[in-house]
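1. the following block contains a protein sequence and its predicted model.
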Amino acid sequence: MAQKPAKRARLRIGAAVSIASLSLFAGGCAQMGGLPDLTASNSAAPVDAANPNAPAQTELAAATEYWGKKFSTSPMDKEAGLAYAKNLKAMGHKQQALSVLQQAAVYHGDSPELAGEYGRLALDLGQAQIAEKVLAQADNPARPDWRVISARGTAVAKQGRYKEAIPFFQRALALAPNHPSVLNNLAMAHAMGGDPVEAENLLRQAVDAGGDSKRVRQNLALVVGLQGRYEESAKIGAQDLPIQAAAADTAAVRKLVALEPVEVPRNIGGTQLAGVPAFRGSNSEQGGSGAWDTQVAAAGR
């Protein structure tokens with residue numbers, strides 16, 4: 001049976017978003033924050049004028065060594081495991097940090113805090129299936145954490161289950177109103193489901209809210225292009241990219257999505273737009289999806 005035009009439109013829009021592979025979702029460790037635990041060093045390090053970041057790096061290294069020794073001698077100490085993992089992550093040793101959290105989980109598998117750190121880091125390292133399971137344990141209805149809930153949405157979406165992801169982002173947004181990373185994730189979930197109009201509305205809110213403006217504007221340029229407003233898309237993209245690169249991105253979207261536009265209401269997201277075209281069927285089903293960037297697919301701490 002031949003596919004209906006509306007369904008073909010949604011599929012092609014979703015494919016275009018996937019192929020564009022922009023930083024669609026903000027999740028994982030970058031989104032979640034989690035500052036390193038620098039409680040080990042009590043003495044001030046000498047200042048290196050040539051490298052003003054040297055004191056902080058020295059302190060971080062000292063803290064990592066301290067917690068590493070403590071965890072080595074007391075592997076059942078949850079706080080030591082968490083602190084050691086956070087410091088390793090801050091130093092860029094994410095895989096080692098994940099191993100520490102895995103060890104700690106053997107003794108503290110019922111700890112929502114540990115599960116949250118473990119799940120978000122697994123997501124950041126591209127282990128979406130593991131992240132989904134662990135983050136479900138971390139999601140405590142009695143003490144809901146928008147960061148954990150948003151990460152659950154990203155983990156689900158990275159596995160292609162876009163409709164399932166949207167309620168997680170909506171829950172997170174209710175707990176953290178106007179948070180740019182959650183708005184970005186929810187927007188791109190709608191875009192991947194074939195609803196660039198709703199995605200644009202949410203992304204404009206994310207731009208107004210601040211956060212990782214460059215990533216959000218790149219995504220905004222994409223969804224504007226998906227609606228056939230190619231010149232506007234190129235202008236948005238050129239705010240952060242060289243003009244030629246922005247134009248090339250817009251041209252690529254234009255080739256990927258060759259659908260007949262129809263008129264939609266001109267007042268989108270509170271902004272008056274002249275003759276806004278939309279793809280047929282793009283509003284029929286609001287699903288989520290993404291070429292997820294865990295930094296995605298991740299926006300703002």
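-> That came through fine. Residues are numbered from 1 along each chain as shown.

2. how much space between R215 and Q96?
-> Look at R215 and Q96: by C-beta to C-beta, to the nearest Å, they are 27 Å apart. Where you see a C-beta, it was placed from the backbone N, CA and C, and this is true even at glycine.

3. look at these two and report which has more neighbours.
-> Taking neighbours as other C-beta atoms under 10 Å, R215 and Q96 compare with R215 leading, 25 against 16.

4. wait, doesn't V156 sit right on P167?
-> No. Counting by C-beta atoms under 8 Å, V156 sits too far from P167 to count as a contact (9.5 Å).

5. mind listing the strands for the chain?
-> Remark: strands assigned in the chain by DSSP state E are 261-263, 267-268, 271-272, 277-279.

6. worst average pLDDT in the ones you listed?
-> Mean pLDDT is lowest for strand 277-279 among these, at a mean of 29.

7. need the contact list for A206.
-> P180, L183, N184, A187, V216, A299 (C-beta atoms under 8 Å, 6 or more residues apart in numbering).

8. correct me, but the third one touches R217?
-> No. Counting by C-beta under 8 Å, no contact exists between N184 and R217, whose distance comes to 10.5 Å.

9. for those two, indicate the residue with more neighbours.
-> Legend: neighbour count by other C-beta under 10 Å for N184 and R217, higher for N184 (35 against 19).

10. quick one: that one and A199, what's the gap?
-> Taking C-beta to C-beta as the measure, N184 falls 10 Å from A199.

11. which residues do those two both contact?
-> With C-beta under 8 Å, 6+ apart, N184 and A199 have common neighbours N219.

12. flag the shaky bits of the stretch 101-250 of the chain, pLDDT-wise.
-> 211-212, 246, 249-250 (pLDDT under 70).

13. mind listing what's buried along whichever helix in the chain runs longest?
-> Secondary structure assigned by DSSP state H gives helix 54-73 as the longest helix of the chain. Within helix 54-73, the residues that count as buried by 16 or more other C-beta atoms under 10 Å are E59, L60, A62, A63, T64, Y66, W67, G68, K70, F71.

14. just stretch 98-105 next, same as before
-> For stretch 98-105, a neighbour-count test (16+ other C-beta under 10 Å) marks L98, V100, L101, Q102, Q103, A104, A105 as buried.

15. reformat the residues you listed as JSON lines; add distance to N140.
-> Output for those, formatted as JSON lines (distance: C-beta to C-beta, whole Å):
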{"residue": "L98", "distance to N140": "22"}
{"residue": "V100", "distance to N140": "22"}
{"residue": "L101", "distance to N140": "18"}
{"residue": "Q102", "distance to N140": "21"}
{"residue": "Q103", "distance to N140": "22"}
{"residue": "A104", "distance to N140": "18"}
{"residue": "A105", "distance to N140": "16"}
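
16. many thanks, have a good one.
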